[in-house]
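sequence unavailable; structure follows:
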């Protein structure tokens, strides 16, 4: 019987780029499957259109009667495009999106008078079963009721023949059971706090929007090859496999010519994104073989998060048509680059100003420095909480590797801005003389260039780096929902800006200082107290590990350790004060993420044990039997001299036996360790047990298996090898 691996390789060798009908111009189809302003103006009454715009821009509640008119227009638009079903599209705490499709088609009670029906009630609210989604103890299993509620700030879209309505997901008792609800609250909090601070500089500012531009890294593996690997199918990564002789060491894949099959996939993916209003712009080869990246134009954060979640679904569906398996795991292959999802974050006013971009005047640069320094202050105060926001079992493999930042959160700002902060720190406190004011504005604030994009080198080892007009949160993992990190970042920023305004106002009132003087005084103190978080050097070095410890920075290398920051008193109070999450919601997420970590390690352990015992050991024994027959033949031919002649064969037989014994014994020990861990009832202790007592067996078992891969005859090895997974185009 032919080995599945070779059947897959044969199937893959005949692949050609998939042809599809491609539109001439992206701009002509952009957003054509989105119920955007253009569609709303065509299908809604003026009152209905105004109600949606008021809800989006001012958070005004939409009246149920108006909702009926909106639903009617939305239905007619969808039907004109061949849509048959609608769904409330939401993001539960599973890490994936969720949807339940209902047909527009309805009949009367006796089965007559068929009609397509969709009213305001169906638009605004639905009731999916909440009991089967992660809830962290908020609901009992027998308590199934939960609600999805329309989020008008993220436009409805059509995917296939289904109208998808972005929604929040809450429990019957009102707690958030999704990623979107806390994110919306955090964005509202940062809007309020940032707008108040902006009024120091421009009274006309009425709204501040947090913006996000994500960069999605991923691997593409031929479907036939992926199907030969139970570990890829079950866990999203390879649990064993010896490194290919050629990997990424020649740096010949990064930004190289995109393979023809991949380019065809990318083109169709981009076209699907255009229909859905996802403004993807950049595509290229990444560092590792068969690793790629795409990135969009910046958007409002809530919409950007929705678009990234939708994109990941679309990538998989388009991948199927091109015979590709898309891998979002942060470290699917040992020894080559992992994948991240850099979150580029900034804030913009409704007057068109990027608050993290230097301006042309001292006053605009004072505004820039205000938001710039407050961001540094926020990260310094809540660095452990930011680390917790990107903690997952899969991201633990990536953080600290040669393509990702370390688990220590630090901020990189570049040489020039470091000098600016040092000069600002040296300014005397209290009231400034006219000469000091002039010197400060012209020599410190006034000399910041308009564009800082290229005046400093990039630091790939920094988890939180300023890159000219935004901060890049590089530590976010490729499989993550951006909402987790963005909820935390915008919450800590909202809190920091709120505190900043209180301090400035107090100085103005108490010391009779001018506004600028009060701002300078507060910023100067922030620079002094936030130095610990600033680091310009090599984040991978041992020296930084030592230095970071001296500075009091956290270094949580595992998810169970990192997640505890989420339920610290400071974190609980923070989310409560900013009206982002109450204590129940925070603690529920902590429990859910611990449980997810445990289950993922548990699944990986079971899959590894299965592959090792049912694939690797039988193959090794089969080859060992071949060697034994060879040795027997040599004995028959050479008699007593056979041991000298068959010395190497005998050594290989012994080596195979040692590896088989090592695999079998360690798999059994791992099973017993899992059994002990499963007996625990405390989620934190169980996660720690899986981390410290179960997971270490993975490397030991893998080493034995990978050594056997180098020994056993390639013709009988059943598992597709790294050289085939990574270099089959």
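Arrived safely. Keep in mind that this is a model prediction, so the values were computed, not measured. Numbers count the residues shown, from 1 in each chain.

going by C-alpha atoms from here, please, whenever you check contacts or count neighbours.
Will do.

so what touches stretch 372-388?
With contact meaning Cα atoms under 8 Å, 6 or more residues apart in numbering, stretch 372-388 is reached by 356, 407-411, 485, 488-489, 492-493, 496-497, 500, 523, 526-527, 529-530, 532-533, 553-554, 556, 559, 562-566, 571.

so what's residue 464 up against?
Applying Cα under 8 Å, 6+ apart, we find residue 464 in contact with 409, 410, 411, 412, 471, 472, 473, 474, 475.

roughly how far apart are it and residue 344?
9 Å (Cα to Cα, to the nearest Å).

shared neighbours of those two, anything?
With Cα under 8 Å, 6+ apart as the test, residue 464 and residue 344 both reach 471, 472, 473.

now the last one: how far from residue 494?
This points to residue 473. The gap separating residue 473 from residue 494 is 17 Å, by Cα to Cα.

likewise for the first one?
Residue 471 is 16 Å from residue 494, where distance means Cα to Cα.

contacts only, for the spatially closest residue to residue 393 that is not a sequence neighbour.
Distance criterion Cα to Cα, 6 or more residues apart in numbering; nearest residue to residue 393, sequence neighbours excluded, is residue 597 at 5.4 Å. By Cα under 8 Å, 6+ apart, the contact set of residue 597 is 392, 393, 559, 560, 687.

can you do 10 Å?
Residues in contact with residue 597, defined by Cα atoms under 10 Å, 6 or more residues apart in numbering, are 391-394, 559-560, 591, 683, 686-688, 690-691.

now those as JSON lines including secondary structure and pLDDT?
Formatted as JSON lines, those follow (DSSP: H, G, I helix; E, B strand; the rest coil; pLDDT from 0 to 100):
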{"residue": "391", "secondary structure": "coil", "pLDDT": "96"}
{"residue": "392", "secondary structure": "coil", "pLDDT": "96"}
{"residue": "393", "secondary structure": "coil", "pLDDT": "95"}
{"residue": "394", "secondary structure": "coil", "pLDDT": "95"}
{"residue": "559", "secondary structure": "helix", "pLDDT": "96"}
{"residue": "560", "secondary structure": "helix", "pLDDT": "96"}
{"residue": "591", "secondary structure": "helix", "pLDDT": "96"}
{"residue": "683", "secondary structure": "helix", "pLDDT": "95"}
{"residue": "686", "secondary structure": "helix", "pLDDT": "97"}
{"residue": "687", "secondary structure": "helix", "pLDDT": "97"}
{"residue": "688", "secondary structure": "helix", "pLDDT": "97"}
{"residue": "690", "secondary structure": "helix", "pLDDT": "98"}
{"residue": "691", "secondary structure": "helix", "pLDDT": "97"}
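
filter the contacts of stretch 372-388 down to the ones in strands?
residue 411 (DSSP state E).

quick check: which ranges of the stretch 451-600 of the chain have low pLDDT?
Filtered on pLDDT under 70, the stretch 451-600 of the chain yields the residue ranges 451-460.

which parts of it are helices?
Applying DSSP state H, counting those that start in this stretch to the stretch 451-600 of the chain gives helices spanning 482-511, 515-529, 542-551, 559-563, 569-577, 583-611.

I'd like the distance between the residue most central in space within the chain and residue 253.
What sits nearest the mean C-alpha location of the chain, by Cα atoms, centre = their mean, is residue 480, with 2.7 Å. According to Cα to Cα, residue 480 and residue 253 sit 25 Å apart.

look up how far residue 703 lies from residue 654.
17 Å.

the two: which is more packed in?
Legend: neighbour count by other Cα atoms under 10 Å for residue 654 and residue 703, higher for residue 703 (18 against 13).

okay, buried residues for the helix or strand in which that one is found please.
According to DSSP states H and E, residue 703 maps onto helix 696-711. Neighbour counts over helix 696-711 (16 or more other Cα atoms under 10 Å) mark 697, 698, 701, 702, 703, 704, 705, 706, 708, 709, 711 as buried.

same thing with stretch 629-645?
Within stretch 629-645, judged by 16+ other Cα under 10 Å, the buried ones are 631, 634, 635, 642.

please apply the same query to stretch 52-66.
Applying 16+ other Cα under 10 Å to stretch 52-66 flags 52, 53, 54, 56, 62, 66 as buried.

got the contact list for residue 363?
By Cα under 10 Å, 6+ apart, the neighbours of residue 363 are 201, 369, 441, 445, 446, 516.

one more pass at 8 Å, please.
Taking Cα under 8 Å, 6+ apart as the criterion, residue 363 is in contact with 201, 445.

ditto for the one 5 residues further on
For residue 368, the contact set (Cα under 8 Å, 6+ apart) comprises 355, 356, 357, 358, 359.

same thing with residue 29?
Residue 29 neighbours (Cα under 8 Å, 6+ apart): 23, 274, 275.

just the buried ones among these, please.
Buried, going by 16+ other Cα under 10 Å: 274, 275, out of the contacts of residue 29.

and which of the contacts of residue 29 is nearest residue 89?
Within those, the smallest distance to residue 89 is 17.3 Å, found for residue 275 (Cα to Cα).

gap between that closest one and residue 246?
From residue 275 to residue 246 the distance is 39 Å (Cα to Cα).

give me the beta-bridge partners of residue 349?
Counting by DSSP bridges, residue 349 is bridged to residue 208.

that one and residue 492: what is the separation?
Taking Cα to Cα, one finds residue 349 at 19 Å from residue 492.

more neighbours, the two?
residue 492 (29 against 19).

quick one, longest helix in this structure?
helix 647-678 (DSSP state H).

so for it, what's the average pLDDT?
Across helix 647-678, pLDDT averages out at 96.

would you mark the buried spots in the helix or strand containing residue 267?
For residue 267, the enclosing helix or strand under DSSP H and E is helix 260-275. If you call a residue buried by 16+ other Cα under 10 Å, then helix 260-275 has these buried ones: 261-266, 268-275.

what of stretch 490-510?
490-498, 500-501, 503-504, 507-508.

would you turn the buried residues of helix 696-711 into CSV with pLDDT and distance to residue 725?
Shown next, in CSV, are the buried residues of helix 696-711 (pLDDT from 0 to 100; distance: Cα to Cα, whole Å):
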residue, pLDDT, distance to residue 725
697, 98, 25
698, 98, 21
701, 98, 21
702, 97, 18
703, 97, 19
704, 98, 20
705, 98, 17
706, 97, 15
708, 98, 18
709, 97, 15
711, 96, 19
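
nearest to residue 647, of those?
Nearest member of the buried residues of helix 696-711 to residue 647, counting by Cα to Cα, is residue 711, at 15.6 Å.

contact partners for the closest one?
Here residue 711 is in contact with 652, 656 (Cα under 8 Å, 6+ apart).

got phi/psi on residue 165?
phi -110, psi 110 (degrees, to the nearest 10).

list the contacts for residue 280?
Residue 280 is in contact with 270, 273, 274, 294, 295, 296, 297, counting by Cα under 8 Å, 6+ apart.

closest to residue 720 among those?
residue 294 (27.3 Å).

how many neighbours does that closest one have?
For residue 294, the count of nearby residues is 19 (other Cα under 10 Å).

which helix or which strand is home to it?
strand 291-296.

what's in contact with the following helix or strand past that strand?
Downstream of strand 291-296, the next assigned helix or strand under DSSP H and E is strand 299-300. Strand 299-300 has contacts (Cα under 8 Å, 6+ apart) with 209, 210, 211, 212, 213.

which of the residues you listed sit farthest apart?
209 and 213 (13.1 Å).

phi and psi next, for the residue nearest to the centre of the chain.
Per degrees, to the nearest 10, the backbone of residue 480 is at phi -70, psi 150.

neighbours around the residue nearest to it when sequence neighbours are not counted, how many?
Leaving aside its sequence neighbours, residue 480 sits nearest to residue 95 (Cα to Cα, 6+ apart; 7.0 Å). Other residues near residue 95 number 14, with proximity taken as other Cα under 10 Å.
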